[in-house]
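> Provided below for reference: sequence and predicted model.
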Amino acid sequence: MEHKPVQINRNNAVIHIQNLRKSFGALTVLNGVDIDVFQGENMAVLGRSGTGKSVLIKIISGLLKPDSGIVQVLGEEVDKLNAEELRALRLRIGFSFQNSALYDSMTVRENLEFPLVRNKPNLTRQEIDSAVEEVLDNVGLLQTINQMPAELSGGQRKRIGIARTLILKPEIMLYDEPTAGLDPITSVEINSLINEVREQYNTSAIVITHDLTCAKTTGNRIAILLDGRFLAQGTFEEVFAVDDERIKNFYNYNFTGDKVDY
Ligand SMILES: Nc1ncnc2c1ncn2[C@@H]1O[C@H](COP(=O)(O)OP(=O)(O)OP(=O)(O)O)[C@@H](O)[C@H]1O
């Protein structure tokens, strides 16, 4: 992929969240979340299991309603949209989820055509072919076009999954645990791909991860979610320079392997 420097536009928050609260019965999951993701920026969200990262993503994508607070995505207040408006907004967002598996019975080409044909029914055969080839080339896997998912490595399948999202040219990417279950070398490749996607497609992104290397490599800024709110936000260096025992523990647990309580 060709590399272009990306400008981060701090005057344009593509995701703006203010004082967001969400509980399930007596369980308060999000308790005053504030975060902005600026245009052109990858924001890595770190947090241990069960801190509400998936709930946050579901609220951003309109799958769950907030109890209170402001959630704006690409200028729209998500919880105020009707079904049709929400559908239109979701087309501008690319989801790379752990469970977004490829269809095993379809070739790579067919897997990539699927979202395109469903969402843009008026494209010609030639337009479909060139879109599939372009996106595959961009993720470095043009040679796999006629292969079946079972013939690919885990890392290649992940790339194709990301390509399937990119084919609709999203403005925002939401990556949920992009390196989970991958070996370290493949993780490095996926982290590079996330950065290349940002450069090539001018996307802004939230990268949800437990993996500090992933956060450090892909996040222009990072944010740590703890006890229902963001404990710290900033560059990787800024956040881990904060004098807070919980942040230090987070770092030690991930980077030094020391087993400590959060
Ligand atoms: N629809 C729901 N109804 C009730 N409780 C829910 C619902 N969705 C999530 N929760 C609860 O909210 C909390 C946060 O869940 P969430 O899935 O967002 O965690 P997470 O940070 O994504 O964790 P992980 O990294 O393990 O995926 C959990 O205690 C979960 O049980």
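Happy to help now that I have it.
> longest helix anywhere in the protein?
For the chain, the longest helix by residue count, based on DSSP state H, is helix 184-201.
> Tell me the buried residues in that helix?
Under the neighbour-count criterion of 16 or more other Cβ atoms under 10 Å, helix 184-201 has 186-191, 193-198, 200-201 buried. C-beta here means a position set from N, CA and C on the backbone, and glycine is covered the same way.
> Show me which of these is closest to Q39.
Proximity of the buried residues of helix 184-201 to Q39 was ranked by Cβ to Cβ; the top entry is R198 with 11.0 Å.
> Look up how far T165 lies from the closest one.
Distance, R198 to T165, using Cβ to Cβ, to the nearest Å: 13 Å.
> pLDDT below threshold where in the stretch 1-150 of the chain?
Applying pLDDT under 70 to the stretch 1-150 of the chain flags residues 1-4, 99-100.
> where along it do the strands fall?
Read by DSSP state E, counting those that start in this stretch, the stretch 1-150 of the chain holds these strands, from start to end of the chain: 9-24, 27-39, 42-46, 68-73, 76-77, 93-96.
> closest to E134 out of those strands?
With Cβ to Cβ, the closest approach to E134 among the strands of the stretch 1-150 of the chain belongs to strand 93-96: 15.4 Å.
> which residues sit against the closest one?
For strand 93-96, the surrounding residues in contact (Cβ atoms under 8 Å, 6 or more residues apart in numbering) are 61, 73, 161-162, 165-166, 168, 170-176, 178, 203.
> re earlier: the inter-axis angle of the longest helix of the chain versus strand 42-46?
Taking axes from the mean of the first three to the mean of the last three Cα atoms, to 10 degrees, one finds that helix 184-201 is oriented at 140 degrees with respect to strand 42-46.
> Quick one: distance of stretch 238-255 to the chain centre.
Distance of stretch 238-255 from the chain centroid (Cα atoms, centre = their mean, to the nearest Å) equals 23 Å.
> Convert it to CSV, retaining C-alpha atoms only.
C-alpha atoms of stretch 238-255 as CSV (Å, rounded to 0.1, in the frame of the first residue of the first chain):
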residue,chain,number,x,y,z
GLU,A,238,1.4,10.4,28.3
VAL,A,239,-1.1,7.9,29.6
PHE,A,240,1.6,5.5,31.0
ALA,A,241,3.4,8.5,32.6
VAL,A,242,0.3,9.2,34.8
ASP,A,243,1.0,8.5,38.4
ASP,A,244,-1.8,6.1,39.1
GLU,A,245,-1.3,2.7,40.6
ARG,A,246,-4.0,1.1,38.4
ILE,A,247,-2.4,2.4,35.2
LYS,A,248,1.0,1.2,36.3
ASN,A,249,-0.5,-2.2,37.1
PHE,A,250,-2.1,-2.4,33.7
TYR,A,251,1.3,-1.7,32.1
ASN,A,252,3.2,-4.1,34.3
TYR,A,253,0.7,-6.9,33.8
ASN,A,254,0.8,-6.6,30.0
PHE,A,255,4.4,-5.7,29.3
